[in-house]
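1. Can you look at this prediction? I've put the sequence above it.
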2 protein chains.
Amino acid sequence: MSSVVSPIKLRRLNAGDAGFSAELDALLAWEAVANTGVESTVAEIIHAVRSEGDKALLHYTNKFDRRSLDSAAALEISRAEIEAALEQISTAEREALKAAAGRIRAYHDHQRAESWQYCEQDGTVLGQKVTPMERVGVYVPGGKASYPSSVLMNVVPAKVAGVSEIVMVVPAPDGELNPMVLAAAAIAGADRVFTVGGAQAVAALAYGTETIPGVDKIVGPGNIYVAAAKRAVFGKVAIDMIAGPSEILVVCDGKTDPDWIAMDLFSQAEHDEQAQAILVSPDAAFLDAVAASIEKLLPQMSRRDIIAESLAGRGALIEVASMDAAIELVNRIAPEHLELSVAEPEQYLDAIRHAGAIFMGRHTAEALGDYCAGPNHVLPTSGTARFASPLGVYDFQKRSSIINCSPQGASQLGEVASVLARGESLEAHARSAEYRINKPGKGG
Amino acid sequence: MSSVVSPIKLRRLNAGDAGFSAELDALLAWEAVANTGVESTVAEIIHAVRSEGDKALLHYTNKFDRRSLDSAAALEISRAEIEAALEQISTAEREALKAAAGRIRAYHDHQRAESWQYCEQDGTVLGQKVTPMERVGVYVPGGKASYPSSVLMNVVPAKVAGVSEIVMVVPAPDGELNPMVLAAAAIAGADRVFTVGGAQAVAALAYGTETIPGVDKIVGPGNIYVAAAKRAVFGKVAIDMIAGPSEILVVCDGKTDPDWIAMDLFSQAEHDEQAQAILVSPDAAFLDAVAASIEKLLPQMSRRDIIAESLAGRGALIEVASMDAAIELVNRIAPEHLELSVAEPEQYLDAIRHAGAIFMGRHTAEALGDYCAGPNHVLPTSGTARFASPLGVYDFQKRSSIINCSPQGASQLGEVASVLARGESLEAHARSAEYRINKPGKGG
């Protein structure tokens, strides 16, 4: 804790400067590098698993995870083993996982969509039937990046949606598994767990093997091979968004303890060197104070090297002319996490158009939302909050349109459809509609 | 109309036969052929439009659509020209388009999601803020496959969602445009229309050029180049599903006029040679009667060659043991369009788990839904109704999570987050949460 850390060169920008817009673009620029090597390796793995099933799955698992299994059946973790993991973790951890799962469930319960229908005057009924997906795959990374909180955040919404079977995959490099991850699977309600990972796990979930059941949708984070495999099977199954590095935008009015803000920035930066932590404030002296807190607190952090690289490479302290200018910046950046560390944050809510999650007030640290406030921590990154949403129950439900025309309704609609179909030169469409037009002496 | 057509060899299957499952798999098999030539051409076009903007867009448009424009500004159709199209079509067509748009709007109004929030006992507020996307691109195919109904079905839901600017692109090969398409754009409320198409139009919408504004999401059908371009820009912007050939599954109890059913099958088959029309019935004699109707009616159809090829290649008449067996087949196929041409269709609704749209009763021809019943005609194809939904207002809205912790709520959540963060070795997360724990003599 007392090692010497050289001062961070943390970027300081002023939104009023002439070159600011270009500087901001450069700061935000991030694009997944298309790597042809990765893509062709992944294509090969998918092809093998699709055509050879368990045999290929076992081969790649033994090879990449340094295991020596001789049957695919051994890839499954039994129900008893999953339940046993609950006893392998501390009481505090077990209770924390249960408390988090309970809150996540309560929040997501509000997201469940219901079927609806309405009846028109002539008796025609229109509606929408909402049903859960039948089987969903949840990818959980293994090794160091194996996060039990991710298990809760991915499994609980699927469970709330009413998915019949949730299949979790998690690689066990050298046969090792994090008991907290298994305990989270037990608490969240994963139905089956297999120790497979990488592109081979994604391929198995997409196409099914003798042992792994094929699913309708695959969610959950993974490395570059997992991301490439998800992109490749998109269309055969549904997938969640492919995430970029995690980011936070903190907007502060200058009245929060600068140590709190420094630690909030660290909590994003400690994820990895590509993570992005930006602070925006109209108070220049406060930005100085936070910079001083960063210098003071950084040497105490166990992940200080990652934090320092992330802050130096992608972090920034940005001075703005006013809170209005700060909110304008929010909408331009469309951050994954937005922390409004200000007095009366409600006043800004209407003006905020793009953000994955909004953490309001000085007490609402992003870390509370990451684990246990209730909302999902799987959020749109890299500005995709312009068009994407947090992972939710809606990601595991689907809709069917319902149309039930009365004879009179069909007759009237038939007249309209006939004109439009003939306008598109689709004669069979027109004649099919015309059969339903009520003519004297003709019934159905 | 009197030309001689050779009898169709329409596949006849029995769900009780030993080989049925394999036969059905073969019948349903359809996969977009990955075409490396198309993908590399598309990658080149996207790169050019992204780096050179209007210059590249104009070059490809002049080349592929045989035009000779010298400025990108000439690609835009003025508001006056769009409005003028309303006068170039017949009164019947204009009224039909307006009636369809009105019904589509009324149905989609039911789909709009609203923001919500709730307050916990300690004052913590959790919620979800729903906002429309700001700018959306609608791709409309040009030439022969230029369907005004598609304009209504893609533009109206975006409009109902509250999208600020809807940018429509439609190629004008040799400078020609279908006035029905422009009229539909006027009625549906497209804000701007540009005569560009192909991968170059998708690239322009995804990245923006000097003339074409960049959008947040691109929807609408297109040829193989358009589909490949949408797949390539997925992630930079949102896209709708990439559609396979259109299909219908008709389930009939044997009591509907066989001519009606034959024409309903034709209305799907006339789309293109890859379209799929399948009839399922427990009544073998009825299947014979429909086969006879097909033979009788086919020679009358203007698109008989396409219909014949589609039915012979991908169509089928399937006999099942019972209506229960028919519904089981429905769930296995997960059809884009399901026509329940039966008495009291409501009794089967609960048992149907996967279908894009359900057309209930003898009077509800698919063609009525294609044009004007109200629900969307953009539906999940090729079995993707297992996980995908009709295009809807929800495709143009996005959500932001809201978390506003009271000091007491933050303190309690901080305890839980601290345990979980330390379990994940994320120390900065833990300390950020711990700052919010209420300790005697420490405030925020």
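-> Received it, and whenever you're ready, just let me know what you need.
2. how far away is residue A:331 from residue B:289?
-> As judged by CB to CB, to the nearest Å, residue A:331 and residue B:289 stand 62 Å apart. Backbone N, C-alpha and C define where each C-beta goes, glycine included.
3. Quick check, residue A:105 in contact with residue A:156.
-> Yes - judged on CB atoms under 8 Å, residue A:105 makes contact with residue A:156 at a distance of 5.5 Å.
4. So between those two, which is more surrounded?
-> residue A:156 (29 against 17; other CB atoms under 10 Å in any protein chain shown).
5. Sticking with the more buried one, tell me its helix or strand.
-> helix A:148-161 (DSSP states H and E).
6. Can you tell me which helices and strands that helix packs against?
-> Helices and strands touching helix A:148-161, by 3 or more CB pairs under 8 Å, 6 or more residues apart in numbering or on different chains; DSSP states H and E, are helix A:91-109, strand A:135-139, strand A:165-169, helix A:179-188, helix B:407-423.
7. which parts of that helix are buried?
-> A:148-161 (16 or more other CB atoms under 10 Å in any protein chain shown).
8. leaving aside the residues next to it on the chain, what's closest to residue A:321?
-> residue A:16 (5.8 Å; CB to CB, 6 or more residues apart in numbering or on different chains).
9. where does residue A:152 land on pLDDT?
-> pLDDT, residue A:152: 98.
10. Isn't it up against residue A:99?
-> No - between residue A:152 and residue A:99 there is no contact under CB under 8 Å: 10.6 Å.
11. since we're on the closest residue to residue A:154 other than its chain neighbours, how many residues are nearby?
-> Of all residues not flanking residue A:154 in the chain, residue A:138 sits nearest, at 4.6 Å (CB to CB, 6+ apart). Residue A:138 has 26 neighbouring residues, counting by other CB under 10 Å.
12. ok, now which ones touch residue A:138?
-> A:151, A:154, A:155, A:158, A:166, A:167, A:168, A:169, A:190, A:218, A:219, A:220 (CB atoms under 8 Å, 6 or more residues apart in numbering or on different chains).
13. so whatever residue of the stretch 201-350 of chain A ends up closest to chain B is in which element?
-> Closest contact between the stretch 201-350 of chain A and chain B, by CB to the nearest CB, is at residue A:266 (3.7 Å). Using DSSP H and E, residue A:266 maps to helix A:258-269.
14. picking up where we left off before, neighbours of the residue of the stretch 201-350 of chain A closest to chain B, how many?
-> Residue A:266: 29 neighbours (other CB under 10 Å).
15. quick one: pLDDT of it?
-> 98.
16. what do you get for the one 10 residues further on?
-> Confidence per residue is given as pLDDT, and for residue A:276 that number is 97.
17. For it, give its distance to residue A:35.
-> Relative to residue A:35, and taking CB to CB, residue A:276 is found at 21 Å.
18. So these two - more neighbours on which side?
-> residue A:276 (28 against 13).
19. How about the contacts made by residue A:10?
-> Here residue A:10 is in contact with A:291, A:294, A:311, A:312, A:315, A:316, A:317 (criterion: CB under 8 Å, 6+ apart).
20. Name the helix or strand for the last one, please.
-> Taking DSSP H and E as the definition, one finds residue A:317 inside strand A:316-319.
21. on contacts alone, who are the packing partners of the helix or strand following that strand?
-> Using DSSP H and E, the helix or strand that follows strand A:316-319 in sequence is helix A:323-333. In terms of contacts (3+ CB pairs under 8 Å, 6+ apart), helix A:323-333 is packed against helix A:20-28, strand A:247-252, strand A:276-281.
22. okay if I get those as TSV plus distance to residue A:394?
-> TSV is the format used below for the helices and strands packed on helix A:323-333 (distance: least, CB to CB, whole Å):
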stretch	distance to residue A:394
helix A:20-28	28
strand A:247-252	23
strand A:276-281	27
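23. and those as CSV, adding distance to chain B?
-> Output for the helices and strands packed on helix A:323-333, formatted as CSV (distance: least, CB to the nearest CB, whole Å):
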stretch, distance to chain B
helix A:20-28, 13
strand A:247-252, 10
strand A:276-281, 10
